[in-house]
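# Just the structure for this:
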Amino acid sequence: MNGAESLLRTLVAGGVDVCFANPGTSEMHFVSAVDRVEGMRPVLGLFEGAVTGMADGYARMAERPAATLLHLGPGLANGLANLHNARRAASPIVNIVGDHATYHAQYDAPLASDIVGFARPVSGWVHSSTSAGSVAADGARAVQAARSAPGQIATLIVPADVAWLDAEQPADPLPAEGPSPVSTAAVTATVAALRNGKRTALLLRGAALRGDGLVAAGRIAAATGAQLFCDTFAPRLERGAGRVVVERLPYFAEQLVGTLAPFEQLVLVGSTAPVAFFAYPGKPSWCSPDGAVILHLAHPHEDGVGALGAVADSLGASGDGVAVAPLSLPDRPTGRFDQFTIGQVIARLLPEGAVVSDEAATSGLGPAIALATAAPHDVLSLTGGAIGQGLPLAAGAAVACPDRKVVCLHGDGGAMYTVQALWTMAREQLDVTTVIFANRSYGILNIELQRVGADSGPKALSMLDLGNPDLDWVALATGMGVEAVRVDSVDAFSDAFVSAMAQSGPRLIEAVL
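Numbering: from 1, shown residues only. Sure thing, here's the model as predicted:
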């Protein structure tokens, strides 16, 4: 057994049984070990940004880490944008990053780099192994770190000789640190605030947005009149018919300020006080109401679900009158072909238990409105704002949940960042239907250009335009093995979406707007 095999066996023993990979020379002994170790599923991605995005989508739905296998510093650097998003989502991921052999480092070979320097900004735990005898133990610590509440990225750097030299044995799994109990004082203060008659909003994030946490929050809202909100881009939100209604905070700062202005108290549950996504001339960055009292019921590393339950019990909240979304499906729409009629088609046909990966950007409002009363589903959002996450996020979710339909809603500009994820969908036959909103523009940047007050002429506007030539999404998808169709009418989109929902496997619909 060499170091790579001991590490691989350690990962599998620790419950890490999927590896999203884009390996190179330094990782070949790890690649070779996959054939000798039962229980690890390798999933190849053709770009590291797709690899890390898939690991994020997997973690959000499986609620446990996958591994990534990345080639040296440049490979890790290619994946940093979606590791940034994963960090913001508190997704557990174990990065395995190859490095030059320890004795080769002195020669400053062309691919030598500061891997720790690349890894540290997106990682909660970073370590470089120094011997084949200890790499398995290092791997066990990496899994433990990734699994520790609320979830984080652990990056283990494995020099090539550490992988190929003889090792003794794999390491046993280590206990991960679960969510910390919330203090009695925090529960008591929150109960008192909810009873004082002041207008109160609960800002929810993490596990509080699904299952028992969402139910407990609904009980609190019904008993006290408090309003439930979540971040604009929550990592995972249970939504649709029968689910407790939670309002997503608006994206733009002035809308955010207006939404929260009536509230005198904000109770944070796994969340932080809301701020503007960017600074704008003459607009606020801090978006909480002036003078509002901010209470932390649960910090991100704490047991927000348990805390919500304790508050609900202390209030005597029986659950009567909890506001849940009704099942209300739109009729087949007619007329103008836009994001709103597209959203109505999707809501009408979305199967129960589906997963929606949403990076529709400026085309996302229509689907979001329509899906509020669709069949129950999960929504995964672009947590860190680094675009190009939607396609790989959908692929990773499909690997984690092979029995659930995944629908990816994506703007055409952002989808080009990680278009390689389509190839992985085809290779793995993942049940993902991708809808590309083809407006031939970086739509959000056209809006932002106006909002920051910058002047614009033809050269400036050309930097935000995706025409000349137009992207051919049917050709791009079919070239990577994904069945695709282009539509420009409501009827054609309805027919294409009906077909996609009736079949299994990857499909792409290019909606030309």
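
# Excluding chain neighbours, give the residue nearest to R332 in space.
Leaving aside its chain neighbours, R332 sits nearest to S494 (5.9 Å; criterion: Cβ to Cβ, 6 or more residues apart in numbering). For every residue, glycine as well, the C-beta is placed using N, CA and C.

# quick one: the helix or strand A154 falls within to chain centroid distance?
Here A154, judged by DSSP states H and E, is contained in strand 153-159. Offset of strand 153-159 from its chain centre (Cα atoms, centre = their mean, to the nearest Å): 21 Å.

# Need the CA coordinates for that strand. CSV is fine.
Provided in CSV are the C-alpha atoms of strand 153-159 (Å, rounded to 0.1, in the frame of the first residue of the first chain):
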residue,chain,number,x,y,z
ILE,A,153,-13.4,23.5,3.0
ALA,A,154,-10.4,21.4,4.0
THR,A,155,-7.5,21.4,1.7
LEU,A,156,-4.9,18.6,1.9
ILE,A,157,-1.7,19.1,-0.2
VAL,A,158,-0.1,15.8,-1.2
PRO,A,159,3.4,15.9,-2.7
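
# Parallel or antiparallel, list what pairs with that strand.
strand 93-99 (parallel), strand 125-128 (parallel) (DSSP bridges).

# Serialize those strands to JSON lines and add fields for mean neighbour count, mean pLDDT and distance to I387.
JSON lines is the format used below for the strands paired with strand 153-159 (neighbours: other Cβ atoms under 10 Å; pLDDT from 0 to 100; distance: least, Cβ to Cβ, whole Å):
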{"stretch": "strand 93-99", "mean neighbour count": "28", "mean pLDDT": "98", "distance to I387": "19"}
{"stretch": "strand 125-128", "mean neighbour count": "19", "mean pLDDT": "98", "distance to I387": "26"}
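
# Now the helix or strand encompassing the residue nearest to R332: buried residues?
Element membership of S494, judged by DSSP H and E, is helix 490-502. If you call a residue buried by 16 or more other Cβ atoms under 10 Å, then helix 490-502 has these buried ones: V490, A492, F493, S494, A496, F497, A500, M501.

# Need those in JSON lines (columns: pLDDT and distance to A142).
JSON lines is the format used below for the buried residues of helix 490-502 (pLDDT from 0 to 100; distance: Cβ to Cβ, whole Å):
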{"residue": "V490", "pLDDT": "98", "distance to A142": "49"}
{"residue": "A492", "pLDDT": "98", "distance to A142": "48"}
{"residue": "F493", "pLDDT": "98", "distance to A142": "45"}
{"residue": "S494", "pLDDT": "98", "distance to A142": "47"}
{"residue": "A496", "pLDDT": "98", "distance to A142": "43"}
{"residue": "F497", "pLDDT": "98", "distance to A142": "41"}
{"residue": "A500", "pLDDT": "98", "distance to A142": "38"}
{"residue": "M501", "pLDDT": "98", "distance to A142": "39"}
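
# Which of the residues you listed sits closest to Y417?
Comparing the buried residues of helix 490-502 against Y417 with Cβ to Cβ places A500 closest, at 23.0 Å.

# how close does that closest one sit to V345?
As judged by Cβ to Cβ, to the nearest Å, A500 and V345 stand 11 Å apart.

# what's the spacing between the least confident helix or strand in the chain by mean pLDDT and its chain's center?
Scoring the helices and strands of the chain by mean pLDDT, DSSP states H and E places helix 443-451 at the bottom, with a mean of 77. With Cα atoms, centre = their mean as the basis, helix 443-451 stands 24 Å off its chain's centre.

# now swap in stretch 150-168 and tell me
25 Å.

# Which one, of the strands paired with strand 153-159, ends up nearest to V355?
Closest of the strands paired with strand 153-159 to V355 is strand 93-99, at 18.3 Å (criterion: Cβ to Cβ).

# With just CA atoms, put the closest one into PDB.
Output in PDB follows, covering the C-alpha atoms of strand 93-99 (Å, rounded to 0.1, in the frame of the first residue of the first chain):
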ATOM      1  CA  ILE A  93     -15.500  19.800   0.800                       C
ATOM      2  CA  VAL A  94     -12.200  17.900   1.000                       C
ATOM      3  CA  ASN A  95      -9.700  19.200  -1.600                       C
ATOM      4  CA  ILE A  96      -6.900  16.900  -2.500                       C
ATOM      5  CA  VAL A  97      -4.200  18.900  -4.300                       C
ATOM      6  CA  GLY A  98      -1.100  17.300  -5.700                       C
ATOM      7  CA  ASP A  99       2.300  18.900  -5.400                       C
END
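
# on that earlier part again, could you dump the strands paired with strand 153-159 to TSV with distance to L329?
Output for those, formatted as TSV (distance: least, Cβ to Cβ, whole Å):
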stretch	distance to L329
strand 93-99	36
strand 125-128	45
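
# Now the least confident helix or strand of the chain: buried residues?
Buried residues in helix 443-451, defined by neighbour count with 16+ other Cβ under 10 Å: G443, I444, L445, N446, E448, L449.

# Stretch 42-53 too?
Neighbour count says stretch 42-53 has V43, L44, G45, L46, F47, E48, G49, A50, V51, T52, G53 buried, by 16+ other Cβ under 10 Å.

# nearest spatial neighbour of G213, skipping sequence neighbours?
The spatially closest residue to G213, leaving aside those adjacent along the chain, is V305, at 3.9 Å (Cβ to Cβ, 6+ apart).

# how far away is the one you found from L204?
Using Cβ to Cβ, one gets 10 Å for the distance from V305 to L204.

# Show me which of those two is the more surrounded one.
With neighbours defined as other Cβ atoms under 10 Å, V305 and L204 compare such that L204 has more, 29 against 25.

# Helix or strand next in line after the helix or strand hosting A398, which one?
Applying DSSP H and E as the criterion places A398 in helix 390-400. Note on helix 390-400: by DSSP H and E, the next helix or strand toward the C-terminus is strand 406-411.

# what are the pairing partners of that following strand, and which direction each?
Strand 406-411 is paired, per DSSP bridges, with strand 354-359 (parallel), strand 432-438 (parallel).

# by how many degrees do that strand and helix 390-400 diverge?
Comparing the axes of strand 406-411 and helix 390-400 via axes from the mean of the first three to the mean of the last three Cα atoms, to 10 degrees yields an angle of 170 degrees.

# tilt between strand 406-411 and helix 490-502?
Angle between the axes of strand 406-411 and helix 490-502 is 140 degrees (criterion: the same axes, to 10 degrees).

# Alpha carbons only: can I get strand 406-411 in PDB?
Extracted C-alpha coordinates of strand 406-411, given in PDB (Å, rounded to 0.1, in the frame of the first residue of the first chain):
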ATOM      1  CA  VAL A 406     -32.600  18.600 -11.200                       C
ATOM      2  CA  VAL A 407     -33.500  21.800 -13.200                       C
ATOM      3  CA  CYS A 408     -30.800  24.400 -13.800                       C
ATOM      4  CA  LEU A 409     -31.900  27.900 -14.600                       C
ATOM      5  CA  HIS A 410     -29.000  29.900 -16.100                       C
ATOM      6  CA  GLY A 411     -28.200  33.100 -17.900                       C
END
